[in-house]
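Asks: Next input, structure requested:
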Amino acid sequence: MQDEAEITINGVRLTDAESMTVRVAIDTLGNVLADSLATESDGAALAERYMASLNRIQGLLEIRETRKQ
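Replies: Predicted structure coming up:
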């Protein structure tokens with residue numbers, strides 16, 4: 001089993017459950033933005049910039065160490 005990504009916010013390390021919550025929220029936002037990019041809107045350029053950041057963060061979240069048992 002793999003641990004969640006190690007995330008620290010303002011010096012506080014998140015628990016695995018908190019890290020998982022962040023990962024799921026980022027995945028969900030990515031899905032919402034991807035859906036909105038399919039439609040024409042004035043916010044498309046902003047959504048594309050968010051997607052670039054989300055893709056980088058998602059890649060970093062996938063780099064997890066195997067949990068030692």
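Asks: contacts, neighbours, all on C-alpha from now
Replies: Noted.
Asks: Identify the spatial nearest neighbour of the spatially most central residue of the chain, chain neighbours not counted.
Replies: Among the residues of the chain, residue 26 comes closest to the average C-alpha position under CA atoms, centre = their mean, at 3.3 Å. Sequence neighbours aside, residue 54 is the residue nearest to residue 26 in space, at 6.8 Å (criterion: CA to CA, 6 or more residues apart in numbering).
Asks: check which helix or strand covers that neighbour.
Replies: For residue 54, the element it lies in under DSSP states H and E is helix 44-61.
Asks: what packs against that helix?
Replies: Helices and strands touching helix 44-61, as assessed by 3 or more CA pairs under 8 Å, 6 or more residues apart in numbering; DSSP states H and E, comprise helix 16-37.
Asks: What residues sit buried inside the helix it packs on?
Replies: Neighbour-count burial for helix 16-37, counted by 16 or more other CA atoms under 10 Å, picks out 19, 20, 22, 23, 26, 27, 30, 33, 37.
Asks: Tell me the pLDDT of residue 2.
Replies: Looking at residue 2, its pLDDT reads 64.
Asks: next one: residue 27
Replies: Note for residue 27: predicted pLDDT of 92.
Asks: swap in the one 5 residues further on?
Replies: Among the per-residue scores, residue 32 shows a pLDDT of 86.
Asks: Any regions of the protein where pLDDT drops low?
Replies: Along the chain, segments meeting pLDDT under 70 span 1-2, 38-42, 64-69.
Asks: repeat that with 80
Replies: For the chain, the stretches with pLDDT under 80 are 1-2, 36-46, 64-69.
Asks: circling back: reformat the buried residues of helix 16-37 as TSV; add distance to residue 59.
Replies: Below are those laid out as TSV (distance: CA to CA, whole Å):
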residue	distance to residue 59
19	14
20	14
22	13
23	11
26	11
27	11
30	12
33	17
37	20
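Asks: Which one of the residues you listed is nearest to residue 60?
Replies: Within the buried residues of helix 16-37, proximity to residue 60 (CA to CA) peaks at residue 23, which comes in at 10.2 Å.
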